[in-house]
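Chemist: would you be able to build a 3D model of this:
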Amino acid sequence: MGGVVGCGFKTPAPTDALPKVSFSTGESLTDESVGSAEIRLVLSFPTGDPVTVQYEVTDGTAKAETDLTSKSSGEVTFEPFKQTAKLQIGIADDNMEENEEALQLTLKSADGAELGDLSKHTLHISATKLPRVRFAVAASSDGEQTGPQNFAILLDKVATQDVIVKYTWTGTSELADHGIVDGVLTIPTNQSSQSLRALINNDNIDEDDETIDLELVGQAGAIVEPGLGEHVHTIVDDDLPPIMSFAPAASTVSEGAGTATLTVSLALPSEKLVTVNYAVAPGGTASAADYTLAAGTLTFPPGTTTQTISVTLADDTLDEDDETLQVALSGASNATLSGTAAVHTLTIADNDNPPTLEFQQAASNASEGTATHTVNVKLSAASGRTVQFSLARSGTSSAADLTLPATTFTIAPGATTLAINLTVLDDTEDDDNETAILTLTGPVNATIGPQGTHTVTIIDNDGPTVRFDPATPDQSANEEDNGTRTFIYRVILSAPATTQISVPITRGGSASSFDYDIASGDIPVVFQPGQTTKDIRVIVGGDRTQEPNDTVTLTIGTPTNATKAADNQTRTHTIVNDD
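Modeler: Residues are numbered from 1 along each chain as shown. Model (predicted):
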């Protein structure tokens, strides 16, 4: 592949085919006085390599030996990227009265090209000197916006008959640029000039300046003035480079799509080769682990208006926020970048479900003597987002037994566990074991898993407390006249004894040993392991003695292996005298 940029040549389309070489026309006219006749050869398209064509001249009514001053065979070379070349034939002027004669020129072979359909040319040699026809000037130039152009064709003297001239064209322009097709032009009798009109098309396509290369070929009534039968008109382009942008300037694609395609567009086609660089730009939130895109260059061949950039996406399993990738265009050649539209914002939409959140264990125990108790929560998978949640509590405990951090809990991106530290308070009260049921609530960027609650059992660390049973309060009863009566005062423990507990009981009151007695073995009160109740039996004896009412008081002393409760530590029995 080869080409030239900015030198007035169209870059040939890539092809493996060779150009075809032909005569520009099948016949032409000259006379003996011309000295040298020029016959135009053309290629079907230019090539970067030289093309050499071999030809030979065969006799017709004219004889090469007597009517030519040049050899009857030779070769013509096309320079690289040139589409035309001229075959020079030397004509002999013999000063003899004779009729019009003709020679046959034939293209025999070519190096770097193939022979085209028009490989033969008849050269007519007039018996008399004919008028000369030529272009008024050899070259011209004007902007395409100026419209039609008239190219003046002149005779060196007024014709005494109609002059017919064939014209052909080549050049870097196209038919649509000027409207000229190969044809013939007539200069009427008694005129010395005529114009060839080109309808210049003022398009809006940015392109290199282009040329119309016109060649005159004499047909009747005149011959082409040697060296003056060619006119090259340059059409100067007046169009600005096309605007280049992303179309659209933003898009969204799921990370599971595999690839994202970004389209870069030209507002108008261009006849020039357009290039632009692209690369990842700062400002996006996506990381290099989320996509693959190496910097590169887009090339727009002439006439192409769109090209694409392919971004490879990484489909991970991480729940995360949607992320953005900025891709910027720069260094455009033969195009103008369109401001903010020269940057494309690609949003990579996450396609992963949020992880589940739950406690690592369903339950745990904490002694009330333990200042801190740790409960762990876990995520089913790491998250790219910040996970938040709160705790609700229920159960038999209160804030006086266990306190929670007064906060919303946070698990940072990438982490999968969080330790929650609870404060377990210590008291001196013998309590039943209590529970704090913790429940995960208000999850953000996560869902609650099956183990969404955790029960903390607070193990009491105090011995049982001892008291009189509130169900057996103080009592009062008549002493009666004779016999005995037994009254029960029950002592209880707050929890079963794990070791033997001995509770001393102090007796008091106004009653004497003649008025009552305590059943044998009831004082001191002794609880064996596992027991929670013991009875003190007060035995009251009857008599007929006139006396005041008497009282018996029972008071719990300091127990061993237990503590006294804060209430129900004394009982009073009143013996009512009924004599």
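Chemist: distance check, the residue nearest the centre of the chain against Thr263.
Modeler: With distances taken as CA atoms, centre = their mean, Leu346 lies nearest the centre of the chain, 3.8 Å away. Per CB to CB, to the nearest Å, Leu346 is found 12 Å from Thr263. Every residue, glycine included, has its C-beta placed from N, CA and C.
Chemist: helix, strand, or coil at the closest residue in space to Thr403 that isn't next to it in sequence?
Modeler: Nearest non-adjacent residue to Thr403, counting by CB to CB, 6 or more residues apart in numbering: Thr423, 4.6 Å away. Using DSSP: H, G, I helix; E, B strand; the rest coil, the structure places Thr423 in strand.
Chemist: pretty sure Thr423 is touching Val375, no?
Modeler: No: between Thr423 and Val375 there is no contact under CB atoms under 8 Å: 11.9 Å.
Chemist: more crowded one of the two?
Modeler: Counted by other CB atoms under 10 Å, Thr423 and Val375 do not tie: Val375 has more neighbours, with 21 against 14.
Chemist: please identify the helix or strand for the more buried one.
Modeler: Using DSSP states H and E, Val375 sits in strand 372-379.
Chemist: touching that strand from outside, list them.
Modeler: The contact list for strand 372-379 (CB atoms under 8 Å, 6 or more residues apart in numbering) reads 355-361, 364, 366, 387, 389, 402, 409, 411, 415-424, 438, 440, 446, 454, 456.
Chemist: give me that answer again for 7 Å
Modeler: 355, 357-360, 364, 366, 387, 411, 416-424, 438, 446, 454, 456 (CB atoms under 7 Å, 6 or more residues apart in numbering).
Chemist: just the buried subset of those residues, written out for PyMOL, thanks.
Modeler: Buried residues within the contacts of strand 372-379, by 16 or more other CB atoms under 10 Å, are selected in PyMOL with:
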select buried, resi 355+357+358+359+364+366+387+411+418+420+422+424+438+446+454+456
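Chemist: mind checking which of the contacts of strand 372-379 are in strands?
Modeler: 357-359, 364, 366, 387, 411, 417-424, 438, 454, 456 (DSSP state E).
Chemist: and the closest residue to Ser338 other than its chain neighbours, how far from Ser310?
Modeler: Distances taken as CB to CB, 6+ apart put Ser245 closest to Ser338, at 3.8 Å, once the chain neighbours are dropped. Remark: distance between Ser245 and Ser310 (CB to CB) = 18 Å.
Chemist: higher neighbour count, these two?
Modeler: Neighbour count, other CB under 10 Å: between Ser245 and Ser310, Ser245 has more, with 23 against 12.
Chemist: would you put the C-alpha positions of whichever strand or helix holds Val165 in CSV?
Modeler: For Val165, the element it lies in under DSSP H and E is strand 163-170. Presented in CSV, the C-alpha positions along strand 163-170 are these (Å, rounded to 0.1, in the frame of the first residue of the first chain):
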residue,chain,number,x,y,z
VAL,A,163,-12.6,23.1,-36.6
ILE,A,164,-13.4,19.9,-34.5
VAL,A,165,-11.3,19.3,-31.5
LYS,A,166,-11.7,16.3,-29.1
TYR,A,167,-10.9,16.9,-25.5
THR,A,168,-10.2,14.3,-22.8
TRP,A,169,-9.7,14.7,-19.1
THR,A,170,-7.8,13.1,-16.2
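Chemist: what's the mean pLDDT across the helix or strand following that strand?
Modeler: Counting by DSSP H and E, the next helix or strand C-terminal to strand 163-170 is helix 175-178. The average pLDDT for helix 175-178 rounds to 90.
Chemist: ok, the residue nearest to the centre of the chain touching Val311?
Modeler: Yes: applying CB atoms under 7 Å as the test, Leu346 and Val311 come out as touching, 6.5 Å apart.
Chemist: the stretch 101-250 of the chain: strands as residue ranges?
Modeler: 101-111, 114-115, 120-126, 132-135, 139-143, 149-155, 163-170, 183-187, 193-198, 210-220, 223-224, 230-236, 243-246, 250-254 (DSSP state E, counting those that start in this stretch).
Chemist: comparing these, which stretch has the densest surroundings?
Modeler: When these are scored by mean count of other CB atoms under 10 Å, the highest mean neighbour count falls to strand 223-224 (a mean of 26).
Chemist: helices or strands up against that one?
Modeler: strand 27-31, strand 132-135, strand 210-220 (3 or more CB pairs under 7 Å, 6 or more residues apart in numbering; DSSP states H and E).
Chemist: same thing but 6 Å
Modeler: Strand 223-224 is packed against strand 27-31, with contacts defined by 3 or more CB pairs under 6 Å, 6 or more residues apart in numbering; DSSP states H and E.
Chemist: packing partners of the strand it packs on?
Modeler: Packed next to strand 27-31, using 3+ CB pairs under 6 Å, 6+ apart, are strand 120-126, strand 210-220, strand 223-224.
Chemist: which pLDDT value does the model give the closest residue to Gln219 other than its chain neighbours?
Modeler: The spatially closest residue to Gln219, leaving aside those adjacent along the chain, is Ile164, at 4.3 Å (CB to CB, 6+ apart). We have a pLDDT of 94 for Ile164.
Chemist: how close does Ile164 sit to Val525?
Modeler: 150 Å.
Chemist: one more: Ser119?
Modeler: Applying CB to CB to Ser119 and Val525 gives a distance of 140 Å.
Chemist: between these two, point out the one with more neighbours.
Modeler: Between Ser119 and Val525, counting by other CB under 10 Å, Val525 is the more crowded of the two (24 against 17).
Chemist: fine, thanks again, bye for now.
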